[in-house]
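>>> the following comprises the amino acid sequence and a computationally predicted model.
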Amino acid sequence: MDSVGIVTPEKLAFEIPITLDCGRALPRFDLMVETYGTLNATASNAVLICHALSSDHHAAGYHAASDRKPGWWDVMIGPGKPIDTRQFFVVCCNNIGGCKGSTGPTSIDPESGERYGPDFPIVTVRDWVRSQALLADRLGIQRWAAVAGGSLGGMQALQWAIDYPERIDHAIVIAAAPRLSAQNIAFNEVARQAIRSDPEFHEGRYYQHDTLPRRGLMLARMLGHITYLSDESMGSKFGRALREGKLGYNFDSEFQVESYLRYQGQSFVDRFDANTYLLITKTLDYFDPAADFGHDLAAACRQASARFLVVSFTSDWRFSPERSREIVQALVAADRAVTYGEIHADQGHDSFLMPIADYLHTVDAYFDRIHQEIESDAR
Amino acid sequence: MRADLAIISDWIEPHSRVLDLGCGDGTLLAHLQSARDVRGYGLEIDQEKILACIRAGVCVIHADLEAGLRDFADQSFDYVIMTQTLQAVQHTERLLEEMLRVGREGIVTFPNFGHWRCRLQLGGSGTMPVVKALPHAWYNTPNIHLFTIHDFEELCQRKRIEIRHRTVVDTNHRGSPQLRLLPNLLAELALYRLRQHP
């Protein structure tokens, strides 16, 4: 048994205003939170897990025995797994702006009594980190043993180390980048245009019209999904296989890869909010911790005192190993402790969610070390 | 600990910044961290060795030495160390340049191919030597650039690399007066402290 089993998320209300980087403030906010394991007496074994674009607080285990799939990072979190819940108290929250229970575009704006919709302020990674620090206060955690995440989650771990050096011992930054490239932003812009040009979008007020920009969100997800996979993984999974075994000379979904992408897009529409998708692509585009330090990433890293584990995957072309090496290079220049693993994997950017042996062993060894430190500090 | 690592450890100033190229399981860095309070990183390409470094609490960076040290700035380390690795890389000359670009001092150790046992095997039986310091057969050895103390010092001279110090040891990893007299014939292992002339 290596699963955390059935878990129940909890909605924590924060009845205080939070000022955001954009200059606006939320008068109050909720965070949907899941935890696994037990916080020790000195609160020294807490690990914060940060989620990526389309995931949420449900990182491990199942909500019901009938669930088909576990939480998004179940390969990593659980008893006997790399982030071992017998040793660590693991916390994951749906971020502000999300659509899975935390305050976001689908929430009611207490000032207007209507859903925020497109009026929800654009949030940044720094805003998220600030709200997660308030969550830590609420849970009685002065200092995280580690903050960990993949992709946009890794960016939050990096931002944590820069913004709250006294509150984080280790930052685990996986399949991330120190800022988006022009190509990354370009893909996000196409996704946004797909949503915004859907006739059902209604300038983001589709809730009032009792409809959804289904086609736009589906297209955005299909496009995104291509960037999460690699040419190799798509080739080995689908190749040029045809659904009917022969060409139909029409525009139906003929190749297996087409029907797969359509399925991914359609199922996403049922579980994700378009305004949240728009918002979080902006959060990604805006992420640039070096910008606060004269565009010198090493100067930004000098703020940090955490030790880092940085991991990348060879076939990831969304945030390639070169992008992770930029982070490593800056940390070395800043004289900060960093370990870097470049994992050979064919699964592209999505590798960070996959049970890849070398990857899990790397994170496992690193967390073993953290656990030993906690144990020896306690003695 | 390996004898060459113990000797190197004595050369390292406390609290310095160290880069270990081909750091293996992190033995040297772990020792330098506790004995000399250094801050250091090891570069390694082998996954199992990377895991051993993590378990030893050593900062290890996955890197291919053949690609050079382009992620590291000029003169950004007090010492760049390469223990018994130089003979196993493709781009020997370039890596030597790179280590002295990144490090204010370079520390290099290598098995001396001029050792009398090597000469005896090659000259006597006419076969490629298999000795304690070079235990592989010619067809499965990672050691693709074999060289002698003379060869190495000639290269240093040609590249204007200053040899600040040399220590040579025999098969039992000890020094002796005879060894100092005939290093290229009697030394199994050579250890150097190097600096690049401007």
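The structure has been received and is ready for your questions. Bear in mind that the values here come from a model prediction, so they are computed numbers and not experimental data.

>>> going forward, measure contacts between C-alpha atoms and count neighbours the same way
OK.

>>> list the residues that contact A:W144.
Shown in contact with A:W144 (CA atoms under 8 Å, 6 or more residues apart in numbering or on different chains): A:S44, A:N45, A:A46, A:V47, A:L48, A:R167, A:I168, A:D169, A:H170.

>>> 10 Å - rerun?
Neighbouring residues of A:W144 by CA atoms under 10 Å, 6 or more residues apart in numbering or on different chains: A:43-48, A:89-90, A:133, A:136, A:160, A:166-171.

>>> nearest spatial neighbour of residue 77, chain-adjacent residues omitted?
Just so you know, I chose chain A. Here the nearest residue to A:I77 in space, its sequence neighbours aside, is A:I83; by CA to CA, 6 or more residues apart in numbering or on different chains that works out to 4.9 Å.

>>> my bad, the chain I had in mind was chain B
Distances taken as CA to CA, 6+ apart place B:G103 nearest to B:F77, at 4.7 Å, with adjacent residues excluded.

>>> my guess is the one you found contacts B:V18, does it?
Yes: B:G103 sits in contact with B:V18 when judged by CA atoms under 10 Å, with a separation of 8.3 Å.

>>> intersection of neighbour lists for these two?
In the contact map built from CA under 10 Å, 6+ apart, the residues linked to both B:G103 and B:V18 are B:S76, B:F77, B:D78, B:Y79, B:V80, B:I81.

>>> nearest to chain A among these?
For the shared contacts of B:G103 and B:V18, the residue nearest chain A by CA to the nearest CA is B:S76; the value is 7.8 Å.

>>> look up how far B:F110 lies from the nearest residue to that closest one once chain neighbours are set aside.
Ranked by CA to CA, 6+ apart and with sequence neighbours excluded, the top spatial neighbour of B:S76 is B:V102, at 5.6 Å. Distance of B:V102 to B:F110, given as CA to CA, to the nearest Å: 20 Å.

>>> could you do A:L12 as well?
Taking CA to CA as the measure, A:L12 falls 61 Å from B:F110.

>>> same check on A:I185?
Counting by CA to CA - A:I185 and B:F110 are separated by 49 Å.

>>> more neighbours: the two, which one.
Neighbour tally, A:I185 and B:F110, criterion other CA atoms under 10 Å in any protein chain shown: the higher count belongs to B:F110, 25 against 17.

>>> what about that one, which helix or strand?
Assigning secondary structure by DSSP states H and E places B:F110 in strand B:103-111.

>>> surely B:H197 meets B:E97?
No: between B:H197 and B:E97 there is no contact under CA under 10 Å: 11.2 Å.

>>> more crowded one of the two?
In this comparison of B:H197 against B:E97, neighbours counted by other CA under 10 Å, the higher total goes to B:E97 at 17 against 9.

>>> ok so, going back, mind listing what the residue nearest to B:S76 touches?
Under the criterion of CA under 10 Å, 6+ apart, the contact partners of B:V102 comprise B:19, B:69-80.

>>> cool, and A:F14?
Taking CA under 10 Å, 6+ apart as the test, what A:F14 contacts is A:P27, A:R28, A:F29, A:D30, A:L31, A:S131, A:L134, A:L135, A:R138.

>>> hmm, try it at 6 Å
With CA atoms under 6 Å, 6 or more residues apart in numbering or on different chains as the criterion, the residues that contact A:F14 are A:R28, A:F29, A:D30.

>>> kindly report the same for B:I61.
For B:I61, the contact set (CA under 6 Å, 6+ apart) comprises A:T339, A:Y340, B:L43.

>>> A:F89 now?
Contacts for A:F89 (CA under 6 Å, 6+ apart) come out as A:Y36, A:G37, A:T38, A:L39, A:N45, A:A46.

>>> kindly recompute the last result at 10 Å.
A:F89 neighbours (CA under 10 Å, 6+ apart): A:35-40, A:43-48, A:83, A:144-145.

>>> what's the distance between the residue nearest the centre of chain A and chain B?
Chain A has A:A52 as the residue nearest its centroid, 1.4 Å off, counting by CA atoms, centre = their mean. According to CA to the nearest CA, to the nearest Å, A:A52 stands 25 Å off from chain B.

>>> what do you get for A:S151?
For A:S151, the distance to chain B (CA to the nearest CA) stands at 19 Å.

>>> hmm, back to that, and the contacts of A:W144, which of them are buried?
In these, burial by neighbour count holds for A:43-48, A:89-90, A:133, A:136, A:160, A:167-171, counting by 16 or more other CA atoms under 10 Å in any protein chain shown.

>>> re the thing from before, wait, the residue nearest to A:I77 touches A:A145, no?
No: because the distance of 11.5 Å does not satisfy CA under 10 Å, A:I83 is recorded as not touching A:A145.

>>> now the common contact residues for those two.
Counting by CA under 10 Å, 6+ apart, the contacts common to A:I83 and A:A145 are A:V47, A:F89, A:F367, A:H371.

>>> quick one, strands of the stretch 101-250 of chain A?
Per DSSP state E, counting those that start in this stretch, the stretch 101-250 of chain A has strands spanning A:146-150, A:170-174. These are given in chain order.

>>> partners of the last one, with directions?
Strand partners for strand A:170-174, identified by DSSP bridges, are recorded as strand A:146-150 (parallel), strand A:307-313 (parallel).
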